[in-house]
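[1] next comes the sequence, and after it the predicted model I'd like to discuss.
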Amino acid sequence: MILFIIKRLLLAIPTLFFIVLIVFSLVHLTPGDPFQGEKAMSPEVLKALRHQYHLDLPFWQQFFYYINNLMHGDFGQSYKFIGQSINELIFPDNMGGFWVTLNLSLYSMLIIIPVGIVLGVYAGLYKNSFLDKLVVTFNVIFSAVPTMVTGPLLVLLFAVTFHIFPASGYGDGGLYNLFLPVMVLALAYIPTICVVTRGSIIEVLNSNYIRTARAKGLSDRVIIFKHAIRPTLIPVISVLGPMFVSVLVGAIVTEQVFALPGLGILTTNAATNRDYNLIMAITIFGSFLTIIFNLLVDIMYFVLDPRIKK
Amino acid sequence: MSILSINDLVIKFAVEDGIVHAVNNISLELNQNEILGIVGESGSGKSQTVLAIMGLLANNALISGSIKFNNQELLGISKAKLNKIRGNEIAMIFQDPMTALNPYLNIQTQLIEPLLLHRCYTKSDAIAEAIRMLDFVKIHDARNKLKCYPHQLSGGMLQRVMIAMALLTKPKILIADEPTTALDVTVQTEILDLINQLKVEFNMATILISHDIGVILNVCDRVNVMYAGSIMERANVHDIFYKAKHPYTKALLKSIPNQESDILYPISGEPPNLLKLPNGCPFQERCENKFSKCTQGIFIKREFSNGHYINCNLDES
């Protein structure tokens, strides 16, 4: 088990290297540079700036600088917010950046995972019942309606009409301030979990080993909690990993709608400002999270499925 | 003495295209201490009949008639009452042992479950009993096998585990639904020998289902030949083999491959569509002895001496 984890972590190193190489190349191949455009600058200033950020060096030298800094845990300087390091932007000392997104994600996942699984299990157990049809309809609607619609609608309902929750802002990061964005994310992601769980439990309950369990005279409760729950959860876990990552690297629309100063807003700003280092940092950080969560998913498989153990 | 009696059992399934007539009005008795065979091709309703006994039919099944175990009606009883009988007094083993055991739980957990549930054993007693039973079904090194997961054992071994699991509660009836179909021939013989041995040691009645009439003739005391949801012929093994009366049984016996001759005798044609069965005998399309009565919707049941029963218009007496 520990050997397996170490092996996977070692394999992650070349993977990350290639991701950095690809991201770096793509960003540097795009036409224009961060100091072109909006403000007119004298050629001398421009030259000095380009020199300061190593933009006048050949591509491979720039890459070498970047990799070297990265290995020291340094994402470099921001091109937009002069004098600020990317690390400060993404992981600030006060609340902001990744910490906001992390907080939002944790609250959301705490709701998405249990609600999604419980709804899915019930819908699957009582397939074709009224409850099942209700859940399936809910899933179809909310997997089709994007967050940019549910967000403003929830604001209209809970903030403008009923004045229960604030319309936007991060506040102290408590559930009161985050309730609406968490709801938006929950509505967006619960359907995925729910559909997978429902399909999974229906398949498991039709399997031969569940028939054997029934033939033994076990009660439904024992059949579900002892025989059916583990195989049901395996496909659910495989969608949970990527889902958690996609919320963690910034719920772009949701953060915009509710003006939460998280990674999502940093991402949009970085893209519009051509802030190379920030774009690369967020992408590489996202890849890193993906690798970590895939590893976590594999560890969960290890724990749940005896067939994977050697 | 009969321990299980099925009377006028009808099983239908409501599907999108209509009603599937899986089992049509069959009656049979299972006597103490006998192995009763049910033979028939796929879709003849043999599995559905025994699944009905166990209350394991699919949700869309419509069922009528009567299934009595020790004079207690099983159809329509509550799930709680049924759960006290299945796995306890009536146990069942299935066709594919590789998928019939839960791959996520080890053998011990699954094996001792019936004892903990029906016999209120303590865990350590149940384990001791499980080891004894694994020894009985000739699994070597039983104590270590308990810690294994199903994927670590072979198909034949898993079927032995299934049999051990079924026997732990000393059931009055064992239902074996194609227990050897998924296994290779040598393992098949071992499992059939084991089933034969159980009858003596456990004083238990067995229903053995197979599509292979050779398997049935080797092991069973009495045989039911099923076709498209009806029992076509029933007799003891000797009479089925030497004095078969029904054209379907005869065709079935003739189709057994034979080393002395190179010729195979298949039954021509295909089984009828269970969504729209013909009036009268379901075998009429393929029957060599078909005559006017058969196509007029007449389907006569006849009983001869020695419990020999046929469901056919042909007068063979």
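    Ah, there it is. Values in this document were obtained by computation on a predicted structure and should not be read as measured data.

[2] what is the burial count for the residue of the stretch 1-150 of chain B found nearest chain A?
    Nearest residue of the stretch 1-150 of chain B to chain A: residue B:87, at 3.4 Å (Cβ to the nearest Cβ). To be clear about C-beta, it is placed using only N, CA and C from the backbone, and glycine gets the same treatment. The number of residues packed near residue B:87 is 27, by other Cβ atoms under 10 Å in any protein chain shown.

[3] residue B:57 touches residue B:11, doesn't it?
    Yes: at 6.8 Å, residue B:57 counts as touching residue B:11 under the criterion of Cβ atoms under 8 Å.

[4] when the two are compared, which one has more neighbours?
    The residue with more neighbours, out of residue B:57 and residue B:11, is residue B:11; 22 against 18, by other Cβ under 10 Å.

[5] next, the contact list for that one, please.
    B:22, B:23, B:45, B:48, B:49, B:52, B:57, B:61, B:62, B:63, B:229 (Cβ atoms under 8 Å, 6 or more residues apart in numbering or on different chains).

[6] and it, that's in a strand?
    Yes: the assignment for residue B:11 by DSSP: H, G, I helix; E, B strand; the rest coil puts it in a strand.

[7] per-residue pLDDT, it?
    At residue B:11, the model reports a pLDDT of 95.

[8] neighbours around the nearest residue to it once chain neighbours are set aside, how many?
    Once flanking residues are discounted, residue B:11 sits nearest to residue B:23: 3.9 Å by Cβ to Cβ, 6 or more residues apart in numbering or on different chains. Neighbouring residues of residue B:23 were enumerated by other Cβ under 10 Å; the total is 28.

[9] wait, residue B:23 sits on residue B:229?
    Yes: the pair residue B:23 / residue B:229 is scored as a contact, 4.8 Å apart, by Cβ under 8 Å.

[10] shared neighbours of these two, anything?
    B:11, B:45.

[11] measure the nearest residue to residue B:288 once chain neighbours are set aside to chain A for me?
    Once flanking residues are discounted, residue B:288 sits nearest to residue B:247: 5.9 Å by Cβ to Cβ, 6+ apart. Distance, residue B:247 to chain A, using Cβ to the nearest Cβ, to the nearest Å: 35 Å.

[12] picking that back up, wait, isn't the residue of the stretch 1-150 of chain B closest to chain A in contact with residue B:169?
    Yes: the criterion here is Cβ under 8 Å, and residue B:87 meets it with residue B:169 at 6.8 Å.

[13] so which residues on the stretch 201-310 of chain A come close to chain B?
    A:207-220, A:226-227, A:230-231, A:304-307 (Cβ under 8 Å from any Cβ of the partner chain).

[14] if we go to 10 Å?
    A:204, A:206-220, A:222, A:226-231, A:234, A:304-307, A:309 (Cβ under 10 Å from any Cβ of the partner chain).

[15] report the buried members of those.
    Burial by neighbour count, 16 or more other Cβ atoms under 10 Å in any protein chain shown: within these this picks out A:204, A:207-218, A:222, A:226-231, A:234, A:305-306.

[16] which SS state does the residue nearest to residue B:55 when sequence neighbours are not counted fall under?
    Once flanking residues are discounted, residue B:55 sits nearest to residue B:82: 4.8 Å by Cβ to Cβ, 6+ apart. Three-state assignment for residue B:82 (three-state DSSP): helix.

[17] quick check: phi and psi at the residue nearest to residue B:11.
    The phi/psi pair for residue B:23 (degrees, to the nearest 10) reads phi -130, psi 130.

[18] among the buried ones among the residues of the stretch 201-310 of chain A next to chain B, name the ones in strands.
    With strands defined by DSSP state E, no entry of these lies inside them.

[19] burial of the residue nearest to residue B:55, as a residue count?
    19.

[20] ditto for residue A:158
    17.

[21] in contact with residue 116, which residues?
    Picking chain A for this. A:109, A:139, A:186, A:189-198, A:236, A:239-240, A:243 (Cβ atoms under 10 Å, 6 or more residues apart in numbering or on different chains).

[22] my question was about chain B, not that one.
    Residue B:116 neighbours (Cβ under 10 Å, 6+ apart): B:109, B:122, B:123, B:125, B:126.

[23] okay, those in CSV with pLDDT next?
    CSV is the format used below for those (pLDDT from 0 to 100):
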residue, pLDDT
B:109, 94
B:122, 93
B:123, 93
B:125, 93
B:126, 94
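
[24] buried ones among those?
    Using 16+ other Cβ under 10 Å, the buried ones in those are residue B:126.

[25] which of the contacts of residue B:116 are close to chain A?
    residue B:109.

[26] export the contacts of residue B:116 to a markdown table and tack on secondary structure?
    As requested, the contacts of residue B:116 are exported to a markdown table (three-state DSSP):
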| residue | secondary structure |
| --- | --- |
| B:109 | helix |
| B:122 | coil |
| B:123 | helix |
| B:125 | helix |
| B:126 | helix |
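
[27] what does stretch B:260-276 contact?
    B:12-13, B:15, B:17-24, B:40-45, B:227-229, B:247-248, B:250-258, B:278, B:281-288.

[28] distance from the chain centre to that stretch, please.
    Centroid separation for stretch B:260-276 versus its chain: 22 Å, with Cα atoms, centre = their mean, to the nearest Å.

[29] ok, back up a step: what is in contact with residue B:87 and residue B:169 at once?
    By Cβ under 10 Å, 6+ apart, the residues touching both residue B:87 and residue B:169 are A:216, A:217, B:114, B:117, B:118.

[30] need these in CSV (columns: distance to residue B:149 and pLDDT).
    Formatted as CSV, these follow (distance: Cβ to Cβ, whole Å; pLDDT from 0 to 100):
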residue, distance to residue B:149, pLDDT
A:216, 18, 94
A:217, 23, 93
B:114, 19, 92
B:117, 21, 92
B:118, 24, 93
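
[31] filter those residues down to the ones in helices?
    B:114, B:117, B:118 (DSSP state H).

[32] so which of those residues wins on neighbours?
    Result: residue B:114 is most packed of these (other Cβ under 10 Å), 26 neighbours.

[33] that one reaches residue B:83, doesn't it?
    No: contact status for residue B:114 versus residue B:83: not in contact, 11.1 Å apart, counting by Cβ atoms under 10 Å.

[34] anything in contact with each of these two?
    With Cβ under 10 Å, 6+ apart, residue B:114 and residue B:83 have common neighbours A:216, A:217, A:218.

[35] ok, now which ones touch the second one?
    Counting by Cβ under 10 Å, 6+ apart, residue A:217 makes contact with B:54-55, B:79-80, B:82-91, B:113-114, B:117-118, B:169.

[36] how near is it to residue B:63?
    The spacing between residue A:217 and residue B:63, counted by Cβ to Cβ, to the nearest Å, is 19 Å.

[37] alright, I will stop here.
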